[in-house]
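Undergrad: Below is the sequence, then the predicted model.
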Amino acid sequence: MPGGRLTQQERQQISLGLADGIAYAEIARRLDRPTSTITREVMRNGGPTAYRADLAHRATERRAARRKQAAPRDPQAPPQAHGRDAEAVREYEEAFTTVLMHTGLPKMTSRVLACLYITDTGSLTASDLAQRLQVSPASISKAITFLESQGLVRRERDDRRRERYVVDDDIWYQTIMASARANAPLVEVARQGVGILGPDTPAAHRLESMARFVDFVSETMVRAAQQGREVLHTKPKPPSDGDAGPRADQG
């Protein structure tokens with residue numbers, strides 16, 4: 001299996017494969033590359049609908065040039081835990097950040113959240129984050145404030161009385177519940193409009209349809225979150241020998 005960075009020709013093949021609706025795993029097989037390589041390449045360069053081979057190639061060249069020009073962050077940095085490949089971790093962090101940005105989060109907010117999630121402890125201080133991301137404490141503070149407002153992180157004090165920012169298993173459950181509750185005012189105001197505009201008018205029909213749809217989706221979200229909450233607190237089982245082979249990839 002070839003190593004090294006993707007060539008421009010390979011990126012053209014990725015672009016053609018995406019245009020044809022081919023799954024990442026099949027594109028990877030055709031290029032004799034790991035599926036993870038294709039996934040990272042696509043997600044950090046616009047996603048499957050916006051990926052462009054020439055733009056992706058230029059962006060990669062710019063990132064490589066910046067890394068060559070930049071001084072090492074920490075020449076005495078210890079090796080990665082669990083024998084991880086430092087370059088693979090860095091590339092994954094970039095891909096994770098890009099996916100978070102595609103959900104609508106600002107770039108710095110996405111960087112902070114991704115950094116917290118790939119940390120084994122799931123918690124870092126403001127100083128830790130500023131050092132890891134090479135940004136100012138003010139940038140970290142702004143990102144954390146936004147993440148807190150969305151219920152995506154929480155604060156706690158460690159045994160040295162330092163404030164730490166934490167992501168834990170229950171945060172996604174709380175986020176889904178908060179999102180469902182946030183829809184309630186929309187349902188209420190839509191139904192107020194039905195009474196004001198007249199129940200038999202086209203405008204009222206439109207508002208009532210919206211209210212029923214949003215209400216149904218919110219209730220479904222709540223039920224699904226409650227039923228699936230235990231998944232967040234259940235450690236995945238290690239794959240058995242029978243599961244070691246390749247799995248179908250939906251891209």
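TA: Done, it's in. Note that this is a predicted model, so its numbers are computed, not measured.
Undergrad: Can you give me the distance of Ala81 to Ile118?
TA: Using C-beta to C-beta, to the nearest Å, Ala81 is found at 11 Å from Ile118. Yep, even glycine has a C-beta here, placed from its N, CA and C like the rest.
Undergrad: no, scratch that, I was asking about Ala28
TA: 22 Å.
Undergrad: So those two - more neighbours on which side?
TA: Ala28 (21 against 13; other C-beta atoms under 10 Å).
Undergrad: Strands of the stretch 51-200 of the chain, residue ranges please.
TA: Using DSSP state E, counting those that start in this stretch, the strands of the stretch 51-200 of the chain run over residues 123-125, 154-157, 163-166.
Undergrad: Return the set of buried residues in the shortest one.
TA: Read it as strand 123-125. By neighbour count with 16 or more other C-beta atoms under 10 Å, strand 123-125 contains the buried residues 123-124.
Undergrad: returning to that earlier point: turn the strands of the stretch 51-200 of the chain into JSON lines, columns for distance to Arg62.
TA: Output for the strands of the stretch 51-200 of the chain, formatted as JSON lines (distance: least, C-beta to C-beta, whole Å):
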{"stretch": "strand 123-125", "distance to Arg62": "28"}
{"stretch": "strand 154-157", "distance to Arg62": "36"}
{"stretch": "strand 163-166", "distance to Arg62": "30"}
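Undergrad: Quick one, which of those strands gets closest to Gln192.
TA: Judged by C-beta to C-beta, the one of these that comes nearest to Gln192 is strand 154-157, at 34.9 Å.
Undergrad: who does that closest one pair up with?
TA: strand 163-166 (antiparallel) (DSSP bridges).
Undergrad: Now do the partner strand: everything it contacts.
TA: 112, 116, 122-126, 129, 144, 147, 153-158 (C-beta atoms under 8 Å, 6 or more residues apart in numbering).
Undergrad: What about those, which one has the most neighbours?
TA: Val112 (31 neighbours).
Undergrad: which residue packs closest to that one, ignoring adjacent ones?
TA: The shortest distance from Val112 to any non-neighbouring residue, by C-beta to C-beta, 6 or more residues apart in numbering, is to Ala143 (4.3 Å).
Undergrad: From Val167, how far off is the one you found?
TA: 13 Å.
Undergrad: Next up, phi/psi of Ile14, please.
TA: phi -60, psi -50 (degrees, to the nearest 10).
Undergrad: ok, now which ones touch it?
TA: Per C-beta under 8 Å, 6+ apart, neighbours of Ile14: 6, 27, 31, 38, 41-42, 51, 53.
Undergrad: again, but for Met101
TA: Neighbours of Met101 in contact, by C-beta under 8 Å, 6+ apart: 107, 110.
Undergrad: Quickly note the distance from it to Met43.
TA: For Met101 relative to Met43 (C-beta to C-beta), the value is 10 Å.
Undergrad: now Arg52
TA: Counting by C-beta to C-beta - Arg52 and Met43 are separated by 14 Å.
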